[in-house]
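1. sequence-free structure coming up:
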(Lines give C-alpha, C1' and ligand atoms only; values in the text may rest on other atoms or scores of the structure.)
Protein backbone atom coordinates (compact mmCIF):
# COMPACT_ATOMS: atom_id res chain seq x y z
CA UNK A 1 0.00 0.00 0.00
CA UNK A 2 1.57 3.34 -1.03
CA UNK A 3 2.34 5.87 1.66
CA UNK A 4 3.25 9.51 1.73
CA UNK A 5 1.28 12.47 0.52
CA UNK A 6 -1.41 12.26 -2.11
CA UNK A 7 -0.32 13.26 -5.59
CA UNK A 8 -2.15 15.71 -7.81
CA UNK A 9 -3.26 12.81 -10.03
CA UNK A 10 -4.68 11.00 -7.00
CA UNK A 11 -6.58 14.13 -6.04
CA UNK A 12 -8.08 14.27 -9.53
CA UNK A 13 -9.23 10.67 -9.11
CA UNK A 14 -10.77 11.54 -5.75
CA UNK A 15 -12.64 14.45 -7.34
CA UNK A 16 -13.90 12.19 -10.14
CA UNK A 17 -15.00 9.59 -7.60
CA UNK A 18 -16.87 12.21 -5.56
CA UNK A 19 -18.57 13.47 -8.73
CA UNK A 20 -19.66 9.90 -9.49
CA UNK A 21 -21.10 9.52 -6.00
CA UNK A 22 -18.61 6.86 -4.89
CA UNK A 23 -18.14 6.15 -1.19
CA UNK A 24 -14.83 7.03 0.46
CA UNK A 25 -14.02 3.34 0.89
CA UNK A 26 -14.54 2.67 -2.83
CA UNK A 27 -12.33 5.60 -3.84
CA UNK A 28 -9.70 4.41 -1.36
CA UNK A 29 -9.67 0.90 -2.85
CA UNK A 30 -9.14 2.34 -6.32
CA UNK A 31 -6.13 4.30 -5.09
CA UNK A 32 -4.86 1.56 -2.77
CA UNK A 33 -5.05 4.03 0.11
CA UNK A 34 -6.62 3.79 3.58
CA UNK A 35 -10.21 5.03 3.74
CA UNK A 36 -9.19 7.44 6.53
CA UNK A 37 -6.74 9.13 4.14
CA UNK A 38 -9.49 9.87 1.65
CA UNK A 39 -11.89 11.00 4.38
CA UNK A 40 -9.37 13.46 5.83
CA UNK A 41 -8.41 14.73 2.38
CA UNK A 42 -12.01 15.50 1.41
CA UNK A 43 -13.06 16.99 4.76
CA UNK A 44 -9.91 19.13 4.92
CA UNK A 45 -10.60 20.60 1.47
CA UNK A 46 -14.21 21.66 1.28
CA UNK A 47 -16.17 18.53 2.10
CA UNK A 48 -18.00 16.12 -0.22
CA UNK A 49 -19.98 18.83 -2.04
CA UNK A 50 -17.13 21.29 -2.61
CA UNK A 51 -13.96 19.19 -3.06
CA UNK A 52 -11.79 20.36 -5.98
CA UNK A 53 -8.52 18.66 -6.89
CA UNK A 54 -6.66 21.81 -7.95
CA UNK A 55 -7.75 23.77 -4.85
CA UNK A 56 -6.85 20.82 -2.61
CA UNK A 57 -3.39 20.63 -4.19
CA UNK A 58 -2.74 24.35 -3.65
CA UNK A 59 -4.05 24.19 -0.07
CA UNK A 60 -1.74 21.25 0.68
CA UNK A 61 1.25 23.10 -0.73
CA UNK A 62 0.37 26.14 1.40
CA UNK A 63 0.06 23.99 4.52
CA UNK A 64 3.41 22.36 3.78
CA UNK A 65 5.00 25.78 3.55
CA UNK A 66 3.49 26.82 6.89
CA UNK A 67 4.68 23.60 8.54
CA UNK A 68 8.22 24.44 7.44
CA UNK A 69 8.10 27.42 9.81
CA UNK A 70 8.87 26.53 13.45
CA UNK A 71 5.66 26.70 15.51
CA UNK A 72 5.46 27.55 19.21
CA UNK A 73 5.10 24.44 21.33
CA UNK A 74 1.84 25.58 22.90
CA UNK A 75 0.06 25.66 19.51
CA UNK A 76 0.24 21.91 19.06
CA UNK A 77 -3.18 20.26 19.03
CA UNK A 78 -3.96 18.49 22.30
CA UNK A 79 -4.89 14.79 22.26
CA UNK A 80 -8.49 14.21 21.24
CA UNK A 81 -11.05 12.59 23.51
CA UNK A 82 -12.84 9.36 22.57
CA UNK A 83 -9.96 8.22 20.35
CA UNK A 84 -10.77 10.77 17.64
CA UNK A 85 -8.38 11.59 14.82
CA UNK A 86 -7.16 15.11 15.71
CA UNK A 87 -6.38 15.97 12.10
CA UNK A 88 -9.81 14.84 10.90
CA UNK A 89 -11.52 16.85 13.65
CA UNK A 90 -9.56 19.95 12.72
CA UNK A 91 -10.39 19.44 9.05
CA UNK A 92 -14.08 19.08 9.88
CA UNK A 93 -13.97 22.33 11.87
CA UNK A 94 -12.61 24.04 8.76
CA UNK A 95 -15.46 22.64 6.66
CA UNK A 96 -18.08 23.68 9.22
CA UNK A 97 -16.53 27.15 9.44
CA UNK A 98 -16.73 27.48 5.66
CA UNK A 99 -20.42 26.52 5.65
CA UNK A 100 -21.14 29.06 8.40
CA UNK A 101 -19.27 31.72 6.43
CA UNK A 102 -21.41 30.94 3.41
CA UNK A 103 -24.48 31.56 5.59
CA UNK A 104 -23.27 35.11 6.30
CA UNK A 105 -20.84 34.95 9.24
CA UNK A 106 -17.42 36.51 8.98
CA UNK A 107 -14.43 34.17 9.14
CA UNK A 108 -13.50 34.69 12.81
CA UNK A 109 -17.08 34.36 14.06
CA UNK A 110 -17.56 31.21 11.98
CA UNK A 111 -14.37 29.66 13.39
CA UNK A 112 -15.44 30.40 16.96
CA UNK A 113 -18.94 29.03 16.36
CA UNK A 114 -17.50 25.85 14.84
CA UNK A 115 -15.16 25.41 17.81
CA UNK A 116 -18.03 25.78 20.28
CA UNK A 117 -20.30 23.38 18.38
CA UNK A 118 -17.65 20.66 18.14
CA UNK A 119 -16.59 20.92 21.80
CA UNK A 120 -18.09 18.01 23.75
CA UNK A 121 -19.08 20.35 26.59
CA UNK A 122 -20.69 22.79 24.14
CA UNK A 123 -18.73 25.56 25.86
CA UNK A 124 -15.25 27.09 25.95
CA UNK A 125 -13.64 29.94 27.85
CA UNK A 126 -12.04 32.90 26.11
CA UNK A 127 -8.59 31.54 26.98
CA UNK A 128 -9.47 28.14 25.51
CA UNK A 129 -10.68 29.75 22.29
CA UNK A 130 -7.54 31.89 22.05
CA UNK A 131 -5.33 28.79 22.41
CA UNK A 132 -7.42 26.58 20.15
CA UNK A 133 -7.70 29.06 17.28
CA UNK A 134 -4.43 30.95 17.84
CA UNK A 135 -6.21 34.32 17.78
CA UNK A 136 -6.25 37.43 19.95
CA UNK A 137 -8.58 37.88 22.95
CA UNK A 138 -10.02 40.98 21.25
CA UNK A 139 -11.07 38.92 18.22
CA UNK A 140 -12.82 36.41 20.46
CA UNK A 141 -14.63 39.14 22.41
CA UNK A 142 -15.89 40.86 19.26
CA UNK A 143 -17.15 37.64 17.69
CA UNK A 144 -18.85 36.46 20.88
CA UNK A 145 -20.65 39.80 21.11
CA UNK A 146 -22.00 39.22 17.59
CA UNK A 147 -23.10 35.66 18.38
CA UNK A 148 -24.87 36.85 21.52
CA UNK A 149 -26.66 39.53 19.53
CA UNK A 150 -27.89 36.87 17.12
CA UNK A 151 -29.00 34.60 19.95
CA UNK A 152 -26.41 31.98 18.93
CA UNK A 153 -24.33 31.94 22.13
CA UNK A 154 -24.64 32.89 25.79
CA UNK A 155 -22.28 33.51 28.68
CA UNK A 156 -22.08 31.86 32.07
CA UNK A 157 -19.64 31.90 34.98
CA UNK A 158 -18.26 28.48 35.85
CA UNK A 159 -17.28 27.30 39.33
CA UNK A 160 -13.88 28.99 38.92
CA UNK A 161 -15.55 32.31 38.07
CA UNK A 162 -14.35 32.11 34.49
CA UNK A 163 -16.66 33.35 31.77
CA UNK A 164 -17.72 30.50 29.50
CA UNK A 165 -19.33 30.84 26.08
CA UNK A 166 -22.03 28.26 25.49
CA UNK A 167 -24.01 26.79 22.62
CA UNK A 168 -26.68 24.22 23.47
CA UNK A 169 -30.04 23.03 22.19
CA UNK A 170 -31.89 26.01 23.67
CA UNK A 171 -29.54 28.43 21.90
CA UNK A 172 -30.94 27.34 18.55
CA UNK A 173 -34.48 27.93 19.79
CA UNK A 174 -33.53 31.39 21.03
CA UNK A 175 -31.82 32.15 17.73
CA UNK A 176 -34.88 31.15 15.72
CA UNK A 177 -37.08 33.30 17.93
CA UNK A 178 -34.68 36.23 17.54
CA UNK A 179 -34.88 35.75 13.77
CA UNK A 180 -38.68 35.76 13.95
CA UNK A 181 -38.66 38.99 16.00
CA UNK A 182 -36.26 40.61 13.54
CA UNK A 183 -38.49 39.63 10.63
CA UNK A 184 -41.55 40.96 12.47
CA UNK A 185 -39.78 44.31 12.81
CA UNK A 186 -39.26 44.41 9.04
CA UNK A 187 -42.98 43.66 8.60
CA UNK A 188 -43.93 46.56 10.86
CA UNK A 189 -41.60 48.95 9.04
CA UNK A 190 -42.87 47.83 5.62
CA UNK A 191 -46.45 48.54 6.65
CA UNK A 192 -45.45 51.99 7.87
CA UNK A 193 -44.15 52.61 4.36
CA UNK A 194 -47.54 51.76 2.87
CA UNK A 195 -49.04 54.75 4.68
CA UNK A 196 -46.18 57.04 3.69
CA UNK A 197 -46.15 56.11 -0.01
CA UNK A 198 -49.92 56.01 -0.32
CA UNK A 199 -52.20 52.96 -0.48
CA UNK A 200 -52.82 51.79 -4.03
CA UNK A 201 -49.50 53.03 -5.41
CA UNK A 202 -47.08 50.50 -6.94
CA UNK A 203 -44.43 51.08 -4.26
CA UNK A 204 -46.99 50.72 -1.46
CA UNK A 205 -48.35 47.53 -3.04
CA UNK A 206 -44.81 46.14 -3.15
CA UNK A 207 -44.27 46.94 0.52
CA UNK A 208 -47.60 45.37 1.46
CA UNK A 209 -46.69 42.18 -0.39
CA UNK A 210 -43.33 42.11 1.41
CA UNK A 211 -45.08 42.60 4.74
CA UNK A 212 -47.65 39.86 4.10
CA UNK A 213 -44.99 37.37 2.98
CA UNK A 214 -42.61 38.05 5.85
CA UNK A 215 -45.43 38.15 8.40
CA UNK A 216 -46.43 34.64 7.37
CA UNK A 217 -42.81 33.46 7.46
CA UNK A 218 -42.04 34.94 10.90
CA UNK A 219 -45.20 33.45 12.42
CA UNK A 220 -44.38 30.08 10.85
CA UNK A 221 -40.81 30.17 12.21
CA UNK A 222 -41.98 31.02 15.72
CA UNK A 223 -44.68 28.36 15.66
CA UNK A 224 -42.35 25.68 14.30
CA UNK A 225 -39.65 26.57 16.86
CA UNK A 226 -42.16 26.30 19.72
CA UNK A 227 -43.45 22.96 18.45
CA UNK A 228 -39.95 21.54 17.92
CA UNK A 229 -38.84 22.65 21.37
CA UNK A 230 -41.89 21.09 22.98
CA UNK A 231 -41.54 17.79 21.10
CA UNK A 232 -37.77 17.40 21.35
CA UNK A 233 -37.57 18.41 25.01
CA UNK A 234 -40.55 16.31 26.11
CA UNK A 235 -39.65 13.55 28.52
CA UNK A 236 -41.01 10.10 27.59
CA UNK A 237 -44.04 9.24 29.65
CA UNK A 238 -43.57 6.51 32.16
CA UNK A 239 -45.56 3.38 31.43
CA UNK A 240 -48.43 2.98 33.83
CA UNK A 241 -47.86 0.37 36.46
CA UNK A 242 -50.54 -2.31 36.50
CA UNK A 243 -52.73 -2.11 39.52
CA UNK A 244 -51.80 -4.74 42.06
CA UNK A 245 -54.36 -7.42 42.61
CA UNK A 246 -56.13 -7.24 45.99
CA UNK A 247 -54.98 -9.72 48.55
CA UNK A 248 -57.16 -12.79 48.66
CA UNK A 249 -59.21 -13.19 51.77
CA UNK A 250 -57.86 -16.35 53.33
CA UNK A 251 -60.21 -16.24 56.28
CA UNK A 252 -62.68 -19.00 56.42
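-> Yep, that arrived. Being a predicted model, the structure only gives us computed values, none of them experimental.

2. quick one: contacts for residue 30?
-> Residue 30 is in contact with 13, 17, counting by CB atoms under 8 Å, 6 or more residues apart in numbering. For the C-beta atoms, the positions are set from N, CA and C on the backbone; glycine is no exception.

3. check the gap between it and residue 42 for me.
-> To residue 42, residue 30 is 14 Å away according to CB to CB, to the nearest Å.

4. next one: residue 203
-> Counting by CB to CB, the gap between residue 203 and residue 42 amounts to 49 Å.

5. cool, residue 18 as well?
-> Residue 18 sits 7 Å away from residue 42, going by CB to CB.

6. with residue 11 instead?
-> Here the distance between residue 11 and residue 42 works out to 10 Å (CB to CB).

7. can you check which residues contact both of these two?
-> Counting by CB under 8 Å, 6+ apart, residue 11 and residue 42 have no contacts in common.

8. count of neighbours near the residue nearest to residue 163 when sequence neighbours are not counted?
-> Leaving aside its sequence neighbours, residue 163 sits nearest to residue 155 (CB to CB, 6 or more residues apart in numbering; 5.5 Å). Applying other CB atoms under 10 Å, we find 12 residues neighbouring residue 155.

9. next one: residue 222
-> Using other CB under 10 Å as the criterion, residue 222 is surrounded by 17 other residues.

10. repeat for residue 23
-> 12.

11. swap in the one 3 residues further on?
-> For residue 26, the number of neighbouring residues by other CB under 10 Å comes to 13.

12. hang on, the earlier thing: secondary structure class for the residue nearest to residue 163?
-> strand (DSSP: H, G, I helix; E, B strand; the rest coil).

13. that one and residue 164 touch, don't they?
-> Yes - distance between residue 155 and residue 164: 6.9 Å, which falls inside the contact criterion (CB atoms under 8 Å).

14. how far is stretch 150-169 from where the chain is centred?
-> Mean C-alpha position of stretch 150-169 versus that of the full chain (CA atoms, centre = their mean, to the nearest Å) differs by 17 Å.

15. in that stretch, what's buried?
-> Neighbour-count burial for stretch 150-169, with 16 or more other CB atoms under 10 Å as criterion, is recorded at 150-154, 164-167.

16. the residues you listed in strands, which ones?
-> The strands in this structure, assigned by DSSP state E, contain 154, 164-166 from the buried residues of stretch 150-169.

17. flag whichever of those residues scores worst on pLDDT.
-> In terms of pLDDT, the least confident member of these is residue 154, at 88.

18. dump the residue contacts of it.
-> With contacts taken as CB under 8 Å, 6+ apart, residue 154 has the following neighbours: 148, 165-166, 171, 174.

19. considering those, which is situated nearest to residue 180?
-> Sorting the contacts of residue 154 by how near they are to residue 180, with CB to CB, puts residue 174 at the top with 10.7 Å.

20. so how far is residue 49 from the closest one?
-> Computed as CB to CB, the residue 174 to residue 49 distance reads 29 Å.

21. tell me which of these two has more neighbours.
-> For residue 174 versus residue 49, neighbours defined as other CB under 10 Å are more numerous around residue 174 (17 against 9).
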